[in-house]
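>>> Need a 3D model of the following:
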Amino acid sequence: MKKKDLPFMPDFFDRYINKVDDKLNVIDALSETIVKIDSDFVADLTALKMNVYAPNKWTSHELLQHMIDTERILAYRALTIAREDKTNLPGFEEDDYVVSSMANHRELSDLINEFQILRVNTISLFKSFTDEMLLQSGSANGVKISTLALGFTIAGHQLHHMDVIKERYFPLLESK
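Numbers count the residues shown, from 1 in each chain. As a prediction, the model looks like this:
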């Protein structure tokens, strides 16, 4: 299913969903975004080390860990909604997660590997959903959202943060 099949556009998440190409179905969107973390991107991330573009901003390690944590949470929400569990799913405080993650003590290669494995699992999860499951809706952090919208949010969230890395972090490499 494609973005045009979304039963409605959820508030807040539209900024991520709109980053995904309209021509892609949800499986292709998830598959295409994982490919964007190629060897050049990883090499540039490695060169960044623990540099940040401004005080109190996350390192590239923390940003990757945030992407991992968020994908896990959104995939859980998708599973819960697809299975017609009507529980109002809670939000999460991303800054608290980052602080508790200890991401800066991990190897970048481990974070990349974890992200790629997680994405393969997320793709498998979304492949298991029928069209009816993808169109199910529920509530997460007080926002009405569908399983399908969560799939596009996962892909778009990655695109958003890759843009942040390219626009704000990679220029740090040029100034050295």
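
>>> Let me see the contact set for the residue nearest to Asp11 when sequence neighbours are not counted.
Take Asp11 and drop its neighbours on the chain: the residue closest to it by CB to CB, 6 or more residues apart in numbering is Val143, 5.7 Å away. For glycine as for every other residue, the C-beta is placed from the backbone atoms N, C-alpha and C. By CB atoms under 8 Å, 6 or more residues apart in numbering, the residues touching Val143 are Pro10, Asp11, Phe12, Phe13.

>>> Buried ones among those?
Pro10, Phe13 (16 or more other CB atoms under 10 Å).

>>> now, which of the contacts of Val143 sits nearest Thr122?
Phe13 (15.9 Å; CB to CB).

>>> what's that closest one sitting at in phi/psi?
With angles defined as degrees, to the nearest 10, Phe13 sits at phi -80, psi -10.

>>> Determine the three-state secondary structure at the residue lying closest to Pro171 once chain neighbours are set aside.
Computed as CB to CB, 6+ apart, the closest residue to Pro171 that is not its neighbour in sequence is Tyr53, at 7.6 Å. Look at Tyr53: counting by DSSP: H, G, I helix; E, B strand; the rest coil, its state is coil.

>>> tally of neighbours for Met67?
22 (other CB atoms under 10 Å).

>>> again, but for Ile112
17.

>>> go on, the one 4 residues further on?
Gln116 sits with 12 neighbouring residues when counted by other CB under 10 Å.

>>> quick one: it and Ile34 touch, right?
Yes. With contacts counted by CB atoms under 8 Å, Gln116 reaches Ile34, the gap being 6.2 Å.

>>> Give me the below-cutoff pLDDT ranges for this structure.
Counting by pLDDT under 70, the chain contains low-confidence ranges at 175-176.

>>> residues of the longest helix seen in it that come out buried?
In the chain, taking DSSP state H as the definition, the longest helix is helix 60-82. Of the residues in helix 60-82, 60-71, 73-75, 77-82 count as buried by neighbour count, 16+ other CB under 10 Å.

>>> That helix packs against which elements?
helix 39-48, helix 94-101, helix 108-128, strand 137-140, strand 143-146, helix 147-164 (3 or more CB pairs under 8 Å, 6 or more residues apart in numbering; DSSP states H and E).

>>> could you redo the last one with a cut-off of 6 Å?
Packing partners of helix 60-82 (3 or more CB pairs under 6 Å, 6 or more residues apart in numbering; DSSP states H and E): helix 94-101, helix 108-128, helix 147-164.

>>> Point out the most buried one among those helices.
Per residue and on average, the most neighbours among the helices and strands packed on helix 60-82 fall to helix 147-164, with a mean of 23 (mean count of other CB atoms under 10 Å).

>>> This completes my enquiry, with thanks.
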